[in-house]
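1. could you look at this predicted model? Sequence included:
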There are 2 protein chains.
Amino acid sequence: MSNRDYLGEFEHIVLLAVLRLDDQAYGVTVRREIEVRTKREVSIGAIYATLDRLEAKGYVQSRPGDPTPERGGRSKRFFRVTAPGVSAIHRTHRAIRSLAEGLDLLGSRL
Amino acid sequence: MSNRDYLGEFEHIVLLAVLRLDDQAYGVTVRREIEVRTKREVSIGAIYATLDRLEAKGYVQSRPGDPTPERGGRSKRFFRVTAPGVSAIHRTHRAIRSLAEGLDLLGSRL
DNA sequence: GTCAATTTCCTCTATATTGTAGAGGTAATG
DNA sequence: CATTACCTCTACAATATAGAGGAAATTGAC
């Protein structure tokens, strides 16, 4: 296993999406959330590969969902962010902020 | 060339360091700035490889520095962030903010 | 009931791009 | 020519990304 302390760029995005979706986070919704919020198109494969990596690191946890009464559909795999996952977000944000603060980034406030 | 629009995690860090160092950005100072601000150790090789990639993408530009009157020392290669580089930072920050805002990230304000 | 069509979601494989370290070479100065 | 400060190169590990295709669920025709 890696010893990396920081989230990769896409890992970061995906982790935030899972956090934001709360108990409705699974592959398809995570993808949609990212596309809607960032206007960035991502493949479903990219989502799951990243989710798997985040799970391997202990930053998210997954559980199988019960079938829903909708037409069709394989049962979902739900994800939630763990405490270490939240810490990783904080570390990453701190690193960025430490270098960005004070810079005149046109009101970017990040 | 790639079509990636977003900065990788380390590219992001390095680009911010160059921006912050203004006209004093070269390999050694970039490395030091990152280490001091983020408490993260990085090898000099990692710095230059990333700087080279950022230059290939047009996000930074380098120019050779004149020799200084200090004892020893090969002449420096100075870097500065280009306008597209600043845009890349903005895009990246916007993407993060769009997913982070509204979340209760314990006052993380990012 | 059961079978096939349909739907929604997930798994897997393969490749490109980034991240990372460190050995070793190069251009200065006194 | 010894010493110093900096940079280049190479090699490998981890992350990012796409997309084809398989799996599980529901519904309706028979």
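-> The structure has been received and is ready for your questions.
2. for chain A, what are the low-confidence residue spans?
-> A:1-3, A:67-69, A:71-72, A:106-110 (pLDDT under 70).
3. what are the boundaries of the helices in it?
-> In chain A, the segments counted as helices under DSSP state H are A:9-21, A:27-38, A:44-56, A:83-100.
4. between the longest one and helix A:44-56, how big is the angle?
-> The reference is to helix A:83-100. Taking axes from the mean of the first three to the mean of the last three Cα atoms, to 10 degrees, one finds helix A:83-100 and helix A:44-56 inclined to each other by 110 degrees.
5. please see if helix A:83-100 touches DNA strand D.
-> No. If you take Cβ under 7 Å from any atom of the strand as the test, helix A:83-100 misses DNA strand D, and the best it gets is 10.6 Å. In this view, the C-beta of every residue, glycine as well, is placed from N, C-alpha and C.
6. also the first one?
-> Yes. In terms of Cβ under 7 Å from any atom of the strand, part of helix A:9-21 sits within range of DNA strand D, namely A:9-12.
7. residues from chain A in reach of chain B?
-> Contacts of chain A with chain B, taken as Cβ under 8 Å from any Cβ of the partner chain, map to A:5-10, A:12-13, A:16-17, A:19-20, A:33-34, A:37-38, A:40, A:86, A:89-90, A:92-100, A:102-103, A:105-106, A:108-110.
8. try 7 Å
-> A:6-9, A:12-13, A:16-17, A:19-20, A:37-38, A:40, A:89-90, A:93, A:95-100, A:103, A:105, A:108, A:110 (Cβ under 7 Å from any Cβ of the partner chain).
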